[in-house]
Structure formats: C-alpha cells, structure tokens
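*Asks:* Just to be clear, the model below is a prediction. Sequence and coordinates:
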Amino acid sequence: MLARLRPYAPTAALAFLIFYFGFHAFTGERGILSTHQRDEALAAKTRELALLQAERRDLEARAHLLRDTSLSADLLEERARSLLGFSDPKDYVIRLKR
C-alpha cells in the first residue's frame with residue numbers, strides 16, 4: 001500500500017507547504033486579516049508621538065527661558081519656589097504626587 005502512495009508524497013508535501021504558508025499569510029501576526037489591529041496600533045503610537053513631541057517642545061521652550069541669554073524672571077522664580085518649597089503667604093499651594 002505504501003509503495004502505491006510513494007509517487008504522490010512530493011505532491012502531498014508541496015500541497016501541505018502551500019496550505020501552511022497560505023494559512024499563515026491570512027491569519028498570521030503580519031497576515032492580511034490582522035491589518036485592522038496594525039492600523040489601531042499605528043494610530044495609538046501616532047497619538048503618543050504627538051503628545052511626546054508637544055511635551056518636548058514645551059520642555060525646550062522652558063529650557064530656553066532658563067538660559068543666561070534669555071533668562072525669564074517668572075520662570076526662574078517658579079522653579080526656585082518649586083525646588084525650595086517656598087511660597088508667598090497669599091498663594092494657594094496644591095501639591096500633586098507625580
């Protein structure tokens with residue numbers, strides 16, 4: 001019986017490989033059916049990137065105001081009060097945990 005099926009073994013192996021790779025092309029991690037998940041992940045990462053870029057621009061602007069060439073008295077006073085823990089008696093201080 002095995003001798004009769006031996007000529008079809010390469011064809012069966014090739015058919016199995018075609019089925020295997022075709023199945024994973026559709027349902028695999030990077031398959032055709034998972035494009036929706038990749039699009040959602042890309043949108044989430046794009047939003048995160050936009051937030052990080054805005055935060056970086058803000059930090060760069062604040063760092064620029066603290067340089068010797070363009071020292072901002074208000075920002076310097078804010079940083080000194082924050083680091084030293086001082087406040088004006090008329091100020092309302094609300095401390096938040098980071």
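*Replies:* Everything's here; your move.

*Asks:* if I look at the residue nearest the centre of the chain, how far off is Ala73?
*Replies:* Nearest to the geometric centre of the chain sits Lys45, at 4.1 Å (Cα atoms, centre = their mean). Here Lys45 is placed at a distance of 39 Å from Ala73 (Cβ to Cβ, to the nearest Å). Every C-beta, even on glycine, is put in place using the N, C-alpha and C of the backbone.

*Asks:* Asp39 too?
*Replies:* The gap separating Asp39 from Ala73 is 48 Å, by Cβ to Cβ.

*Asks:* Where does Ser82 fall, secondary structure wise?
*Replies:* Using DSSP states H and E, the element containing Ser82 is helix 73-84.

*Asks:* what's the longest helix in this structure?
*Replies:* helix 35-65 (DSSP state H).

*Asks:* can I assume Ile32 is in contact with Phe26?
*Replies:* Yes: between Ile32 and Phe26 there is a contact at 5.2 Å, judged by Cβ atoms under 8 Å.
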